[in-house]
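Student: how would this look folded up:
(2 chains, ligands or ions: 6)
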Amino acid sequence: MGSVSARRLAKELREIQSEGCPVGITLVDASDFSKWLFTIEVMGNSQYQGEAYTLQFRFDAQYPISSPAVQFVVTDGKEAPVHPHVYSNGHICASILGSEWSPVLSVIAVCVTLQSMLASCKKKERPADNDRYVRTAPDNPKKTLFHYDDDT
Amino acid sequence: MSSDYEFSDGEEAYSDDEEMIDGTQDEEDDSQDEMEMDNFGDDFKVVPKGKRKPYEVEYESLSQHSVERLMQRDVDHICGIFGVDASVASLLLRHLKWNKEKLIEKYMDNATAVLVAAGVTVPEAVPLAVKPSSRRPTTRGLTKPTKSSKSPTLAYTTPKALQRTTSRKSDEPFVCQICFNDAPDMQTLALDCEHTFCSDCWTDYVVSKIKDESEHAIRCMAEGCALVCPDPFIHDLLVPAPGAPVGDADKEAQNEKAWLRFQELLVRHFVGCNSNLKFCPYPSCTNTVSCPSASSKSSLTTIVPTVSCGARGIGSEAQEVSQSQQLGLGLQGKEHKFCFGCPIESDHRPVVCGVAKMWLKKCRDDSETANWIKSNTKECSNCQSTIEKNGGCNHMTCKKCKHEFCWVCMGPWSEHGTAWYSCNRYDEKTGVEARDAQSRSRASLERYLHYYNRWANHEQSAKLSLDLYAKTEKKMEEMQITSALTWIEVQFMKKAVEEVDKCRQTLKWTYAMAYYLAKGNEKELFEDNQRDLERAVEDLSELLESPIEAENIPTLRQNVTNKTVYVQKRNEIVLEDTANGFLEGRWRWNTVVEGFDDPEEVAI
Ligand SMILES: [Zn+2]
Ligand SMILES: [Zn+2]
Ligand SMILES: [Zn+2]
Ligand SMILES: [Zn+2]
Ligand SMILES: [Zn+2]
Ligand SMILES: [Zn+2]
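Tutor: Ligands and ions are numbered 1, 2, ... in the order given. Predicted coordinates:
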């Protein structure tokens, strides 16, 4: 069980260790193959200048056939970026994490996509349905069927 | 929706399923136990087949296989016109929600665009220089758009066996970009787009899409690639070719299950695209009901399309209950009844879908205020000790002080023996007067609670009918021992319990109906019929709960049989009169109901 997922994550980790992460992305913790943590900063001019956020990946044995569960960490004093597609509980509404997930995508590819999602933000605001969603949201964001309202 | 999904190609088309249709669609009454019923009287006879009552709709139940044949007919039709393979025709039809006219129109207009949008061909594979208009087909036998010469491999637009692609640049070994396996003997696969991955990854991916996401349009695994896996591709992945080496048994079982599920998903999608069809909502049932007379929204103001898929029971028990059905009681063998017109998974006759939905929504919204009523316990109005309702009958006797009272209105039962009606009707005049000083909202809440109380009571009683079934079964056994009656001769008890159950269902919904009916003669007549039915049901219900003594059995049997017939008649009257009222447009509401004329004055 999970041998493909372990092999694949080991390979991704080896690549990160040998080639390093893209600018603004830092691997914080990858001590096992169930949960990884990264910090994300948006480089250059943006709404999020000088801010750093922690991104959490959770993998199941079906990874990469099934997408990882990805969210911003909102515990230990950390907060989710204020963004029209990020809920205050850290859940992210991005099609790449749901219907557009491809097993070819990697952890780093997801980080880069989310980094550019933040970079292209014009106005810092929460999704319109934030309060309602956060009240009833499942623990695992993968259980939510997000409605993707644009090309994020 | 396409208009030519008629299901009338005669008997022949469904001959395989005749057994299923003939044997199971019938009302329970004319099944085998009805014939046994006849042993002790003709009273339980039902209307001969073919004669429909005003509250019944014409429908047909179809097995998954029958629906697949309908799909195949459309696929063949498109193959004939476009000259494409069945798997391509299927993807095109699915893409356009099985609307053949629209597909033909769009395809004639721009075949390339439709093929790309449906995930059949890769955009680049079609030379853009060729103007769509010059390629417009004018006759049958249209050919597929030519593939770019750079892709010589036969891909999955043709239902050939799996491409065991081995022709790669031979200088560097292939590494699957998903699992990073690079074994030299690894089997690899690709769709037309040539995005190649190992066959294990393909299989895991396809299984996961089917199992976890119920997806019937499974796209290529490559990022952003819109090609959809054709059915033969999926088949070959999931179903091992005959003579193939035996692999992991668990995995093969799982794959086979996924293939069956995939076929069910295709049928579900087809059924969902056709307003004449509805998939049975019962768990793990794969039957479909065809009911063209209820396919339009406007028809739902004149009929209540209660249908049954033809199967009974839940899940794997389904097949076996048909035999045990005759031997014992029990709800697990219940037929799959549901409403064709709305998501309510039960028979909500006599009230139409729109009103039923309004009522359920109101109950949900007001559930907090009404919660206390739903509670299964009440206090004795005489000695205040807590009493739990544990049978379907409203006649309660306090165990402690022997006080007899009515569960619904809490009034003494003595007043009910001859005047049960005081319990079914909300006396609006005295009610309004008594609450004169109180606010309007308070009055309307109480009005609502009056109807809700009675609604919930019948629902509660119906839920308790499982206990009643068990108790009755025991009684039937007792009777065989204490009297000379045979098993068949004690069936009258079972029939009575079933009838009570059925009538409570009707009564329940009559309260939803009465809540919204505008004041006037029509409403009074409706409530008269409701009262007569309610009285008859409570009467029979009480009789069923009375203790049995050996010497009384013949009288009891006569009594129960008579009352069952009477209850059945009262139920008929409520259902028929209400249904006729809808057909005649006789009912007026005290609020706005979709599809009906607005009320002249919104008076409660
Ligand atoms: Zn692979
Ligand atoms: Zn592809
Ligand atoms: Zn069914
Ligand atoms: Zn309905
Ligand atoms: Zn008492
Ligand atoms: Zn009463």
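Student: give me the low-pLDDT residue ranges for chain B?
Tutor: B:1-50, B:124-171, B:314-333, B:366-381, B:384-395, B:406-411, B:413, B:415-445, B:600-604 (pLDDT under 70).
Student: Wasn't B:Gln568 part of a strand?
Tutor: No. The assignment for B:Gln568 (DSSP: H, G, I helix; E, B strand; the rest coil) gives helix, which keeps it out of a strand.
Student: Phi and psi next, for the nearest residue to it once chain neighbours are set aside.
Tutor: Leaving out its chain neighbours, the residue that sits closest to B:Gln568 by CB to CB, 6 or more residues apart in numbering or on different chains is B:Glu499, at 5.8 Å. Just so you know, the C-beta spots here come from the backbone N, C-alpha and C atoms, and that holds for glycine as well. Main-chain torsions, B:Glu499, degrees, to the nearest 10: phi -70, psi -40.
Student: Now for B:Glu499: which residues touch it?
Tutor: B:Glu499 is in contact with B:Leu540, B:Thr564, B:Val567, B:Gln568, B:Asn571, counting by CB atoms under 8 Å, 6 or more residues apart in numbering or on different chains.
Student: tell me the SS of the second one?
Tutor: Recorded secondary structure, B:Thr564: helix (three-state DSSP).
Student: Find the helix or strand that the nearest residue to it once chain neighbours are set aside is a member of.
Tutor: In this structure, B:Thr564 finds its nearest non-sequential neighbour in B:Ala496, 4.6 Å apart by CB to CB, 6+ apart. Element membership for B:Ala496 (DSSP states H and E) is helix B:491-516.
Student: got the buried residues for the next helix or strand after that helix?
Tutor: Remark: after helix B:491-516, the chain's next helix or strand is helix B:521-545, criterion DSSP H and E. For helix B:521-545, the neighbour count (16 or more other CB atoms under 10 Å in any protein chain shown) marks B:523, B:526-527, B:529-541, B:543-545 as buried.
Student: one step back: any idea how far B:Val352 is from the residue nearest to B:Gln568?
Tutor: Distance of B:Glu499 to B:Val352, computed by CB to CB, to the nearest Å: 24 Å.
Student: could you redo the contacts of B:Glu499 as JSON lines and give each row distance to ligand 6?
Tutor: Shown next, in JSON lines, are these (distance: CB to the ion, whole Å):
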{"residue": "B:Leu540", "distance to ligand 6": "17"}
{"residue": "B:Thr564", "distance to ligand 6": "23"}
{"residue": "B:Val567", "distance to ligand 6": "19"}
{"residue": "B:Gln568", "distance to ligand 6": "24"}
{"residue": "B:Asn571", "distance to ligand 6": "21"}
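Student: now the residues you listed in a markdown table, with distance to B:Lys519?
Tutor: Shown next, in a markdown table, are those (distance: CB to CB, whole Å):
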| residue | distance to B:Lys519 |
| --- | --- |
| B:Leu540 | 31 |
| B:Thr564 | 34 |
| B:Val567 | 28 |
| B:Gln568 | 30 |
| B:Asn571 | 25 |
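Student: Name the nearest of those relative to B:Ala86.
Tutor: Taking CB to CB as the measure, B:Ala86 lies nearest B:Asn571 of those, at 49.9 Å.
Student: part of a helix, is the closest one?
Tutor: Yes. Checked against three-state DSSP, B:Asn571 lies within a helix.
Student: for it, what are its contacts?
Tutor: Residues near B:Asn571 by CB under 8 Å, 6+ apart: B:Glu499, B:Lys502, B:Cys503, B:Thr506, B:Leu533.
Student: mind running it again at 6 Å?
Tutor: B:Asn571 makes contact with B:Cys503, B:Thr506, B:Leu533, according to CB atoms under 6 Å, 6 or more residues apart in numbering or on different chains.
Student: Quick check on the closest residue to A:Val74 other than its chain neighbours: phi, psi?
Tutor: Closest residue in space to A:Val74, ignoring its immediate chain neighbours: A:Gly90 at 4.4 Å, by CB to CB, 6+ apart. Per-residue torsions, A:Gly90: phi 100, psi -10 (degrees, to the nearest 10).
Student: what sits against A:Gly90?
Tutor: Contacts of A:Gly90 by CB under 6 Å, 6+ apart are A:Gln71, A:Phe72, A:Val74, A:Ala80.
Student: quick one: it and chain B, what's the gap?
Tutor: Distance, A:Gly90 to chain B, by CB to the nearest CB, to the nearest Å: 23 Å.
Student: next one: A:Lys78
Tutor: According to CB to the nearest CB, A:Lys78 and chain B sit 30 Å apart.
Student: Assign the residue nearest to that residue when sequence neighbours are not counted to helix, strand or coil.
Tutor: Spatial nearest neighbour of A:Lys78, excluding adjacent residues (CB to CB, 6+ apart): A:Thr54 at 5.3 Å. State at A:Thr54, reduced to three classes by three-state DSSP: strand.
Student: repeat for the one 3 residues further on
Tutor: Assigned by three-state DSSP, the conformation of A:Phe57 is strand.
Student: Measure how buried the residue of chain A found nearest ligand 3 is and give me the count.
Tutor: Nearest residue of chain A to ligand 3 (CB to the ion) works out as A:Leu145 at 26.1 Å. A:Leu145: 7 surrounding residues under other CB atoms under 10 Å in any protein chain shown.
Student: pLDDT score for it?
Tutor: Each residue has a pLDDT score; the one for A:Leu145 is 71.
Student: Roughly how far does it sit from A:Pro138?
Tutor: Applying CB to CB, the value for A:Leu145 to A:Pro138 is 11 Å.
Student: picking that back up, and the helix holding B:Ala496, does that touch ligand 4?
Tutor: No. Using CB under 5 Å from the ion, helix B:491-516 never reaches ligand 4; the gap is at least 10.2 Å.
Student: how much does that helix deviate in direction from helix B:521-545?
Tutor: 150 degrees (axes from the mean of the first three to the mean of the last three CA atoms, to 10 degrees).
Student: Brilliant, that's me finished.
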